[in-house]
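# pasting the structure only:
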């Protein structure tokens, strides 16, 4: 594992060895993991993912650590934390935004409001990141990610960069096509509707 970590460092990734999970979970629980990676953007996330897959080391993807239960015993795992580092949001069309996996849903909702786009208000109170929200089809107030997500960009288990469109995302209640795979979400595109920011 150490040779893989050194290779990751050569890619420019920030790495913390023996990092306690309790510092990265909302419940403040969890023992140390072998290493935690902090990619700076989707490109580094993709590079790290592919290198780990080549070494047959499945990473644990961590967003904001919301509602995550981690044991107190040390874990021989490499964790990739996406929150903050993989955090780009941009408007890509009149009613569409592209959000990287590590962006908090609350931040995405505020971005949408400031852009005069409605449809993401339900997500403002959900404490997780975009990646986790796609995996579990997060929702509240009778709305969910399935209603606004049009495309998801991800790295599959064969190290290929893929794009899946709705309805191929197989959304259902608190579930998506990513729920039972090791595919790693990079970003998603959402389609919303124009509205007055004050009303949003």
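Ah, there it is. Quick caveat: nothing in here was measured; it's all calculated off a predicted structure.
# element containing the residue sitting nearest the centre point of the chain?
Centroid-nearest residue in the chain, with Cα atoms, centre = their mean: residue 131, separated by 2.6 Å. With elements taken from DSSP states H and E, the one containing residue 131 is helix 130-136.
# same check, this time on residue 78
Per DSSP H and E: strand 75-81 holds residue 78.
# same deal with residue 12?
Going by DSSP H and E, residue 12 is not in any helix or strand.
# please renumber so the chain begins at 613
Taking 613 as the first residue, the last one we looked at is residue 624.
# neighbours of it, just the number please.
Close neighbours of residue 624, defined as other Cβ atoms under 10 Å, add up to 11. (C-beta placed from N, C-alpha, C; glycine too.)
# So it sits against residue 655, correct?
No: taking contacts as Cβ atoms under 8 Å, residue 624 lies outside contact range of residue 655: 9.9 Å.
# Could you pick out the longest helix of the protein?
helix 654-666 (DSSP state H).
# Show me what that one is in contact with.
616, 619-620, 623-625, 649, 651, 670-671, 690, 692, 694, 697-698, 700, 712-713, 765, 767, 769, 771, 773, 796, 798-799 (Cβ atoms under 8 Å, 6 or more residues apart in numbering).
# before we move on, back to that, on the pLDDT front, check the residue nearest to the centre of the chain for me.
At residue 743, the model reports a pLDDT of 96.
# Quick check, it in contact with residue 717.
No: the criterion here is Cβ under 8 Å, and residue 743 misses it with residue 717 at 10.3 Å.
# on that earlier part again, quick one: distance of the longest helix of the chain to the chain centre.
14 Å (Cα atoms, centre = their mean, to the nearest Å).
# Show me what secondary structure element comes after it.
strand 672-674.
# Residue 683 is in contact with residue 643, isn't it?
Yes: Residue 683 is in contact with residue 643 according to Cβ under 8 Å; the separation is 6.3 Å.
# Which of those two has more residues huddled nearby?
For residue 683 versus residue 643, the count of surrounding residues by other Cβ under 10 Å is larger for residue 643: 14 against 10.
# and residue 774, how many neighbours does it have?
Neighbour count of residue 774, defined by other Cβ under 10 Å: 12.
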